[in-house]
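> What would the 3D arrangement of this be:
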Amino acid sequence: MSMQLECFTNRKKPSAMESKSASGVIRRRRKAPLFRYYPYASGSRSEKEKMKKEVVQLGIELSVCVAESMFLLCDDIRSMLLFCYKLWEENSEILLGGKLLRVMHCVYSKDIKLKQRVYDQDGVGKGSYQWEFIRTTWRDFTDGGIVLNELVDFIGSQDRSSFDDRLLSSAIKKYKQQVLKKLEDKLRSAKDVNGFARETIAPDASFLWKSLFDEEATPRGVETRAFRDLFQPLIDESRRPTWDMTSFRDMIQPIHSPYILGRDFAKEEMKEEVVQLGVELSLYVAQAMLVLCGDIRRVLRFCLKLWRDATRHQHRGKLVPERLLRVMHFVYLKYIKPKNGVFKYSGNKSVQWDLVRTTGTDFDHAAQYLDRLVSNLRVDGQLIILCREHTENTEEGLKKLGERLRCVKPVAEANGFARETMESSFLDLWKSVFDKEAKEATETLKAIEDGIFADLFLPILNQVAAAP
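Residues are numbered from 1 along each chain as shown. Below you'll find the model as predicted:
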């Protein structure tokens, strides 16, 4: 660290893709994937501009958290400067490092240095609340820097061989939930400590971050002056023979690649999408059944056709049809059979039946591509490029179902269709679609499936068998 402090102004900037050499330290900038995660990842200019504004705001919020930390630590200037230095060092190879350095320098020079706090070489040391705070927040700050840099790279790049807008939007949302929310919760006790006031810090941070996508790096001279002014006490101490960083290094956790925009991020996000698509398909099945529930024979005819369409192709998997069967059985037993009694056929012409019959192709289309999605995502190492087209085809089928069933939705609601209530029941059912079942569990599920099939379809199958 001593050499790094001394040689900062003469150091050679590493290449964009060069990694830092430290135990457990990851590459600061991962190379863009050689394949496109989703093959239709263009996105509109307005969407890109909106995401850029959101990322700038993430940088501002992260900076406010850094400033709060500095106020919390400023009773021990040495610990505060060590924290700032390590945070800068972890981001020094990238654009983010310059932004954070200028934020830390601004806070230090305007709000902390003027209070003439004493720099104690011995510091408060191990076991202090300052060091405990650094230890517990370090992973959140470093994850925040890594992911924010990835977002800047991907959103600011014109290269379309990376993540698409849907995935980047999800990453922004998770950044707020998993990085900023954690930091804000841990910093809640620091509100107003040592004079911290968000309303004075945020405008300065906003000024420094607003040009994030308009410049390549902080001007060299500005960065050097800020570095020397901020870290001069550490530079002076590093020249002394008693300089020892062992305790501080031992406290800092090794840095590993965060989940957001990491290796498995795209696949896991796609799995979450599949669960939601499965729930949506189930809701349309329930809606169609409750539209027809005045005639149980027609309800069962609809369900049987849906089941047969979903299972007639040998190349299809069983996970999606199995869940649709359980959805139909659940809706039939809970919402239809208790109210409408036994199997019967009214024989009357039904406008609802004529309409529901037109949805067969759309149900089959959505189930087919949803099944392909599930099959692809259950294979370890399966490239996501094979999945996005299936997602869009599934969504297209669901969109058509929504359009066809919109006019009879009031009928379904009058017969007990309740989207919010059913959604929670179906969500638990679809969350297990990616579980790896043991052989015993599979055999048990097969027995359950056979029992459901008989309970649901035996009346109509018996009628067909008895027909002359």
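> Excluding residues flanking it in the chain, which one is nearest Leu212?
Val56 (5.2 Å; CB to CB, 6 or more residues apart in numbering). C-beta here means a position set from N, CA and C on the backbone, and glycine is covered the same way.
> In the helix or strand encompassing that neighbour, which residues are buried?
Using DSSP states H and E, Val56 maps to helix 45-73. Buried residues in helix 45-73, counted by 16 or more other CB atoms under 10 Å: 48, 51-52, 54-56, 58-73.
> same check, this time on stretch 309-329
309-311, 316, 318-329.
> Would you confirm that Glu54 contacts Ile172?
Yes: assessed by CB atoms under 8 Å, Glu54 is found in contact with Ile172 at 5.3 Å.
> chain center to the helix holding Val56: distance?
Put simply, helix 45-73 sits 18 Å off its chain's centre (CA atoms, centre = their mean, to the nearest Å).
> Quick check: next helix or strand after that helix?
The element immediately downstream of helix 45-73 (helix or strand, assigned by DSSP H and E) is helix 77-90.
> Can you tell me which helices and strands the following helix or strand past that following helix packs against?
Scanning forward in sequence from helix 77-90 by DSSP H and E, the next helix or strand is helix 95-107. The contact analysis (3 or more CB pairs under 8 Å, 6 or more residues apart in numbering; DSSP states H and E) places helix 95-107 against helix 45-73, helix 77-90, helix 129-156, helix 198-209, helix 220-238.
> Throw the ones you listed into JSON lines and include distance to Glu395 and mean pLDDT, thanks.
Supplementary listing: the helices and strands packed on helix 95-107 in JSON lines, determined by distance: least, CB to CB, whole Å; pLDDT from 0 to 100:
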{"stretch": "helix 45-73", "distance to Glu395": "17", "mean pLDDT": "91"}
{"stretch": "helix 77-90", "distance to Glu395": "40", "mean pLDDT": "88"}
{"stretch": "helix 129-156", "distance to Glu395": "23", "mean pLDDT": "87"}
{"stretch": "helix 198-209", "distance to Glu395": "35", "mean pLDDT": "90"}
{"stretch": "helix 220-238", "distance to Glu395": "47", "mean pLDDT": "85"}
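> For Asp362, which of the ones you listed is the nearest?
Asp362 lies closest to helix 45-73 among those, at 28.0 Å (CB to CB).
> Check which helices and strands the closest one sits against.
Using 3+ CB pairs under 8 Å, 6+ apart: helix 45-73 touches helix 77-90, helix 95-107, helix 129-156, helix 165-175, helix 181-187, helix 198-209.
> Out of the ones you listed, which gets nearest to Cys407?
helix 165-175 (29.9 Å).
> That closest one: which residues count as buried?
For helix 165-175, by 16+ other CB under 10 Å, it's 165-172, 174-175.
> got TSV for those, with distance to Val374 and pLDDT too?
Converted to TSV, the buried residues of helix 165-175 look like this (distance: CB to CB, whole Å; pLDDT from 0 to 100):
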residue	distance to Val374	pLDDT
Asp165	24	83
Arg166	19	85
Leu167	19	87
Leu168	24	90
Ser169	23	91
Ser170	19	92
Ala171	23	93
Ile172	27	95
Lys174	23	94
Tyr175	28	95
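> Convert stretch 409-416 to CSV, retaining C-alpha atoms only.
Listed next in CSV are the C-alpha coordinates belonging to stretch 409-416 (Å, rounded to 0.1, in the frame of the first residue of the first chain):
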residue,chain,number,x,y,z
LYS,A,409,-63.9,-11.7,-17.9
PRO,A,410,-66.9,-10.2,-16.0
VAL,A,411,-68.7,-13.5,-16.4
ALA,A,412,-65.7,-15.4,-14.9
GLU,A,413,-65.5,-12.9,-12.0
ALA,A,414,-69.2,-13.3,-11.3
ASN,A,415,-68.6,-17.1,-11.1
GLY,A,416,-65.7,-16.7,-8.6
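> what's the closest of the helices and strands packed on helix 45-73 to Thr358?
helix 165-175 (30.3 Å).
> quick check: angle from that closest one to helix 45-73?
Interaxial angle of helix 165-175 relative to helix 45-73 (axes from the mean of the first three to the mean of the last three CA atoms, to 10 degrees): 20 degrees.
> the inter-axis angle of helix 165-175 versus helix 129-156?
Computed with the same axes, to 10 degrees, the direction of helix 165-175 lies at 170 degrees from that of helix 129-156.
> Low-confidence ranges, the stretch 251-400 of the chain, go.
251, 253-254, 313-317, 340-349, 380-386 (pLDDT under 70).
> what do you get if the cut-off is 50, keeping everything else the same?
Nowhere does the stretch 251-400 of the chain drop to pLDDT under 50.
> can you map out the strands along it?
Counting by DSSP state E, counting those that start in this stretch, the stretch 251-400 of the chain has no strands at all.
> how about the helices in it?
Taking DSSP state H, counting those that start in this stretch, the helices of the stretch 251-400 of the chain run over residues 265-291, 296-311, 319-331, 337-340, 351-357, 360-377, 388-405.
> got TSV for these, with distance to Asn91 too?
Shown next, in TSV, are the helices of the stretch 251-400 of the chain (distance: least, CB to CB, whole Å):
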stretch	distance to Asn91
helix 265-291	20
helix 296-311	51
helix 319-331	43
helix 337-340	62
helix 351-357	58
helix 360-377	34
helix 388-405	32
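> quick revisit: looking at the helices and strands packed on helix 45-73, which is closest to Ile296?
helix 165-175 (41.0 Å).
> domains for this protein, by residue range?
Following automatic domain parsing, the chain resolves into domains at 2-251, 265-453.
> and these as JSON lines, adding distance to Leu461?
Below are the domains of the chain laid out as JSON lines (distance: least, CB to CB, whole Å):
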{"stretch": "domain 2-251", "distance to Leu461": "43"}
{"stretch": "domain 265-453", "distance to Leu461": "8"}
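> How many residues are close by Lys99?
Per other CB atoms under 10 Å, the neighbour tally for Lys99 reads 26.
> do you know how far it is from Asp204?
12 Å (CB to CB, to the nearest Å).
> Name the residues contacting each of the two.
Listed as contacting both Lys99 and Asp204 by CB atoms under 8 Å, 6 or more residues apart in numbering is no residue at all.
> Thank you, goodbye.
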